[in-house]
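1. pasting the sequence and the predicted coordinates here, then a few questions.
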Amino acid sequence: MLAVAVALATVVFDQLTKAAVVGSLGEGQRSPVFGVFIRLVHTRNSGAVFGMMRGAGTYFTFFSIAAAAVLVVVLFFARRSSTLVRLSLGMVLGGAVGNLIDRLRFGAVVDFIDVGISESVRWPCFNVADSAITVGVFLLILSSFMKPEDGPAEEAAERGADRAAE
């Protein structure tokens, strides 16, 4: 349930922020948020995350559909996984669906977060969905280095073994 809630919240927040940008900025138009460091800029990305492989939109539409389907299946089997794993999978699923909605509606993903230290040194534009996917994957990797959470059955078995040893 946590993963589904996180995925839905991610999709809603992603789509609301994209709608605000599309409604307030013309394509290519910029608006400073924090000087030259952070700006809003309305761009369309027909490629992959952070603008890679532009023009391969049809391929990425099918890839996004397949990825979302796989994530739904993984979530079904991960429902007893740790909270961090379920949270991570929800973020990745929500990001994939958010960008898929754009691909189906516009044929490209709306990107709008522009970060850099000068006019010539900029990170590729991204959006909330891209951020959710990136953070979700990072947390998923992080969770693989953590000790699995002990569930109630394991704790009860340990208490029973401790009592039997007394």
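-> Yes, it's here.

2. surely residue 13 forms part of a helix?
-> Yes - according to DSSP: H, G, I helix; E, B strand; the rest coil, residue 13 belongs to a helix.

3. next one: it from residue 6, what distance?
-> 11 Å (C-beta to C-beta, to the nearest Å). To be clear about C-beta, it is placed using only N, CA and C from the backbone, and glycine gets the same treatment.

4. who has more neighbours, the two?
-> Just comparing residue 13 and residue 6: by other C-beta atoms under 10 Å the higher neighbour count belongs to residue 6, 21 against 15.

5. what's the helix or strand for the more buried one?
-> Residue 6 belongs to helix 2-24 when elements are defined using DSSP states H and E.

6. packing partners for that helix?
-> Here helix 2-24 touches strand 38-45, helix 83-106, strand 109-115, helix 128-143, going by 3 or more C-beta pairs under 8 Å, 6 or more residues apart in numbering; DSSP states H and E.

7. for the record, mean pLDDT for the first one?
-> Spelled out, it's strand 38-45. For strand 38-45, the mean per-residue pLDDT is 92.

8. what angle sits between it and helix 2-24?
-> Following axes from the mean of the first three to the mean of the last three C-alpha atoms, to 10 degrees, one obtains 90 degrees for the angle between strand 38-45 and helix 2-24.

9. can you show me the CA trace of strand 38-45 as CSV?
-> The C-alpha coordinates for strand 38-45 follow below in CSV (Å, rounded to 0.1, in the frame of the first residue of the first chain):
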residue,chain,number,x,y,z
ILE,A,38,18.4,27.2,-10.4
ARG,A,39,15.9,28.2,-13.1
LEU,A,40,12.7,27.0,-14.6
VAL,A,41,12.7,26.4,-18.3
HIS,A,42,10.0,24.8,-20.4
THR,A,43,11.6,22.2,-22.6
ARG,A,44,10.4,19.0,-24.3
ASN,A,45,12.5,15.9,-24.2
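
10. report the buried residues of it.
-> Buried residues in strand 38-45, counted by 16 or more other C-beta atoms under 10 Å: 39, 40, 41, 42, 43, 44, 45.

11. what pLDDT does the nearest residue to the fourth one once chain neighbours are set aside get?
-> The spatially closest residue to residue 42, leaving aside those adjacent along the chain, is residue 25, at 4.0 Å (C-beta to C-beta, 6 or more residues apart in numbering). For residue 25, the pLDDT comes out at 92.
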